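Participant: Have a look at this prediction, sequence included:
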Amino acid sequence: MFFKKNLSQLNIAAQCRKNGLPLHQCPQIIFLIMGIIIIGTMISFYAIGMHWIEDPATVALIISIITIVLLILSFIITRSFERLAEASRMKTEFINIVSHQLRSPLTNLKWATDFLKTATLNKLDESETEFFYVLEENCKRMNELINNLLTVSRIEQKRLIENKKIVSLPRLLKEIIKESNAFAIASNVTIKTEIEEKIPEIYCTRSLIKTVIENLINNAIHYSSAKDNSEPQKKIVEIKLNKRGKNIYLEIQDYGIGIPEEDKKFIFEKFFRSKNVSKHQTRGSGLGLFIAKSIVKKMNGKIGFQSKQNQGTTFWFTLPIKKLKLET
């Protein structure tokens, strides 16, 4: 058993898969590369030493000391990478387990709330009925968070579910806008669209593209309504969809609170939220943009943004019309 366990440690590819790392980032591969560098360094120092130092014993001693130091440094660096990889894997597993465990009681809570509301709604006054709507809203927010956490877990474990089909982006975009209209109206935000005719259909996973577009539109509405602005013409989200060369280009622009300059480099990181977002108390988990970027990258596309604080933000992404395939 002990022999089998230690033998499995030598399977570098299996260790990389276990930690969810590509081969070139695997600690074992890094250690192997550093070993080759150490051997090259030893040979180089030996050649230089033999040229400048007459005593072979002195050369051998110097080479031995340098080799030992380099080996110790290599071991320390590799072990640090292993701990980081293991911590990352355990974090992903923890998120996955907790998300699945939360889903069942949350579903039961929603069913119980729906049942109680249906059974007692006519018997309650307005203030009491409001509590049911608060429960519904919080269940919805918790469900969104759990779904986002599960999506992040699948992304990190490279287990995004594929169900590819022919997709019309104009049709999908109109569907998402229709679903978002109630939220936009409640937030006093107007959605304007500019969709080019005859946009080519693409072969991809519809649900994943929908997730990307929904995240970007919801963010635009949130941050437009968060801005304290008396000019109603600025409470607008402008969406443009067109074909640019061999790519389909989608742009979503708002005139909201914008992104501070110092926060821009972190905007696609997990759980990151700008300082001005916290100030305006807008809801969110900081996962939407990470998910959007990961999905677009999987589809061989590009995503980016331009933003000025208190002036608004424009997010955009492109998808190649040809060879649009999810990588596994």
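Facilitator: On my side now, so go ahead. Residues are numbered from 1 along each chain as shown.
Participant: what domains does the record give for this protein?
Facilitator: What the record gives for the chain is the domain set 2-89, 101-156, 164-320, from automatic domain parsing.
Participant: and the first one, what's its mean pLDDT?
Facilitator: Pointing back at domain 2-89 there. Here domain 2-89 scores 69 as its mean pLDDT.
Participant: The second one too?
Facilitator: Averaging the model's pLDDT scores along domain 101-156 yields 76.
Participant: Name the nearest residue to Ser294, ignoring sequence neighbours.
Facilitator: Ile155 (4.6 Å; CB to CB, 6 or more residues apart in numbering). (C-beta placed from N, C-alpha, C; glycine too.)
Participant: ugh, wrong one, Glu194
Facilitator: Glu194's closest residue in space is Lys240 (CB to CB, 6+ apart), at 4.6 Å.
Participant: ranking the domains of the chain by burial, who's on top?
Facilitator: domain 164-320 (a mean of 17; mean count of other CB atoms under 10 Å).
Participant: mind checking how far Ile37 is from His51?
Facilitator: 21 Å (CB to CB, to the nearest Å).
Participant: again with Leu289
Facilitator: 57 Å.
Participant: can you check Gly288 too?
Facilitator: Taking CB to CB, one finds Gly288 at 61 Å from His51.
Participant: Same check on Thr118?
Facilitator: Thr118 sits 91 Å away from His51, going by CB to CB.
Participant: what do you get for Val296?
Facilitator: 55 Å.
Participant: thinking again about what came up before, show me what secondary structure element comes after the host helix or strand of the residue nearest to Glu194.
Facilitator: Taking DSSP states H and E as the criterion, the element that holds Lys240 is strand 236-244. Of the helices and strands lying after strand 236-244 in sequence (DSSP H and E), the nearest is strand 247-254.
Participant: And the strands in the stretch 51-200 of the chain?
Facilitator: All strands of the stretch 51-200 of the chain, identified by DSSP state E, counting those that start in this stretch, fall at 164-167, 190-195.
Participant: Who are the packing partners of the first one?
Facilitator: It refers to strand 164-167. Using 3 or more CB pairs under 8 Å, 6 or more residues apart in numbering; DSSP states H and E, the elements in contact with strand 164-167 are strand 202-205, helix 206-226.
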